[in-house]
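Participant: below is the sequence, then the predicted model.
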Protein chains: 2
Amino acid sequence: MRKRRQSLDLGVLEDHVGYFVRRLQVWVFQDFVRSLASLDIRPAQYAVLVVIEANSGPSQADVAERLGIERARLVRLLDGLQRRGLIRRRASPRDRRSHALILTRRGHGELKRMKLLAAAHEANLTRRLGPEERASILASLRKFT
Amino acid sequence: MRKRRQSLDLGVLEDHVGYFVRRLQVWVFQDFVRSLASLDIRPAQYAVLVVIEANSGPSQADVAERLGIERARLVRLLDGLQRRGLIRRRASPRDRRSHALILTRRGHGELKRMKLLAAAHEANLTRRLGPEERASILASLRKFT
DNA sequence: CATTATTGTTGTAAACAGCAACAAATGTCT
DNA sequence: AGACATTTGTTGCTGTTTACAACAATAATG
């Protein structure tokens, strides 16, 4: 039998929001990755695709700012999505520096499947937290941003 | 004047707990790092020190499991703390494989100062969220683990 | 026009996470 | 007791994420 070992005391960590936020974040992240593994999509990629779909030809700077990721990182992230034929960088009509991001037809199709799996992931979380607790957390977190 | 640009639509991201958890986590992490920058301590290091203080001579495996970090990563993290004279790896009396982790006198002193700065960071968050909202989030997140 | 700011991009470094392997020590089972 | 499996701390390697600095092209501003 395994050696019995009671859980350690967290000390003042018990009063730090950051500690628990991180624990939940890790769990959510891992479950999301697992849930979308068959499509080989990670959370950041999913977020970018969703935001591109929900807006008409946003620029890279727009997307980066809205999602709170660095412009430099978004560049390489989009490179990957473009290589896979999910998005296109169209020339912007009014600003020759910037790109208007759009989903390809294939991108739309894939995103549709991603959303199904993402919803399943969200259901996992609901099962783990209980529906009202999840709604409560969601409402509280929304107020933050 | 800056080009006026209204915020992009988040689309279905609005219904994903993970998205908002990440946003909060990033904010908390950055504010924590900034708050403890003068002591050159990062969140993971702080958590380890707190847990060592709150328990009597825990093993590395204990701490790693409790904090959800990998044993391998904890090794290098402890190397750094030991080099700075904050902790010691005492020989465990009952198991010659494992170490009993303890704070040095200096570790105790430094941790005391860290706690003050960490409390200030927590106050930042409270100011940002409001006291009752923070309490609500903390309670909800605690239930998760 | 001259200057300043923004956009996309590349490069680089650090932190962080995951996996595999290993020797030493302990536990388990017959 | 001895054979076998497991645990502990450790090292190495591979990506991923984050941060920061620089740059050319273009746009905005005085």
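Facilitator: Ah, there it is. Numbering: from 1, shown residues only, chains lettered A, B, ... in the order given.
Participant: which residue is nearest the centroid of chain A?
Facilitator: residue A:43 (3.4 Å; Cα atoms, centre = their mean).
Participant: okay, that residue: pLDDT?
Facilitator: Looking at residue A:43, its pLDDT stands at 95.
Participant: go on, the one 3 residues further on?
Facilitator: You'll see residue A:46 listed with a pLDDT of 96.
Participant: which residues does the closest residue to the residue nearest to the centre of chain A other than its chain neighbours contact?
Facilitator: Distances taken as Cβ to Cβ, 6 or more residues apart in numbering or on different chains place residue A:32 nearest to residue A:43, at 5.3 Å, with adjacent residues excluded. All C-beta spots, glycine's among them, are computed from the backbone N, C-alpha and C. Contact analysis of residue A:32 by Cβ atoms under 8 Å, 6 or more residues apart in numbering or on different chains lists A:43, A:46, A:118, A:121, B:18.
Participant: take these and keep only those in helices.
Facilitator: A:43, A:46, A:118, A:121, B:18 (DSSP state H).
Participant: in terms of helices and strands, where is the residue lying closest to the second one once chain neighbours are set aside?
Facilitator: This means residue A:46. What sits nearest to residue A:46 in space, not counting adjacent residues and going by Cβ to Cβ, 6+ apart, is residue A:114, at 5.9 Å. Per DSSP states H and E, residue A:114 falls inside helix A:105-129.
Participant: so what pLDDT did the closest residue to residue A:47 other than its chain neighbours get?
Facilitator: Closest residue in space to residue A:47, ignoring its immediate chain neighbours: residue A:67 at 5.6 Å, by Cβ to Cβ, 6+ apart. Residue A:67 is assigned 95 on the pLDDT scale.
Participant: show me the contacts for residue A:67.
Facilitator: A:44, A:47, A:48, A:51 are the contacts of residue A:67 under Cβ under 8 Å, 6+ apart.
Participant: the residue nearest to residue A:46 and residue A:43 touch, don't they?
Facilitator: No - counting by Cβ atoms under 8 Å, residue A:114 does not reach residue A:43; the two are 10.8 Å apart.
Participant: quick one: low-confidence ranges for chain A?
Facilitator: Chain A contains residues with pLDDT under 70 at A:1-5.
Participant: where do the helices sit along it?
Facilitator: Using DSSP H, the helices of chain A run over A:17-35, A:43-54, A:60-67, A:71-83, A:105-129, A:131-144.
Participant: most tightly surrounded among these?
Facilitator: Among the helices of chain A, ranked by average contacts under mean count of other Cβ atoms under 10 Å in any protein chain shown, first place goes to helix A:43-54 (a mean of 21).
Participant: what are the contacting residues of it?
Facilitator: By Cβ under 8 Å, 6+ apart, the surrounding residues in contact with helix A:43-54 are A:29, A:32-33, A:36, A:41, A:58, A:63, A:66-67, A:69, A:74, A:77-78, A:80-81, A:86-87, A:101-103, A:107-108, A:110-111, A:114, A:118, B:8-13, B:18-19, B:22.
Participant: CA atoms of it as PDB?
Facilitator: The C-alpha atoms that make up helix A:43-54 are tabulated as PDB, following Å, rounded to 0.1, in the frame of the first residue of the first chain:
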ATOM      1  CA  PRO A  43      -6.000  28.000 -26.200                       C
ATOM      2  CA  ALA A  44      -4.200  31.000 -27.700                       C
ATOM      3  CA  GLN A  45      -4.800  29.800 -31.200                       C
ATOM      4  CA  TYR A  46      -8.500  29.200 -30.500                       C
ATOM      5  CA  ALA A  47      -8.900  32.600 -29.000                       C
ATOM      6  CA  VAL A  48      -7.300  34.300 -32.000                       C
ATOM      7  CA  LEU A  49      -9.500  32.400 -34.500                       C
ATOM      8  CA  VAL A  50     -12.700  33.200 -32.500                       C
ATOM      9  CA  VAL A  51     -11.800  36.900 -32.400                       C
ATOM     10  CA  ILE A  52     -11.100  37.000 -36.100                       C
ATOM     11  CA  GLU A  53     -14.400  35.400 -36.800                       C
ATOM     12  CA  ALA A  54     -16.300  37.700 -34.600                       C
END
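Participant: that helix near DNA strand C anywhere?
Facilitator: No - with Cβ under 7 Å from any atom of the strand as the criterion, DNA strand C is not reached by helix A:43-54; the gap is at least 11.9 Å.
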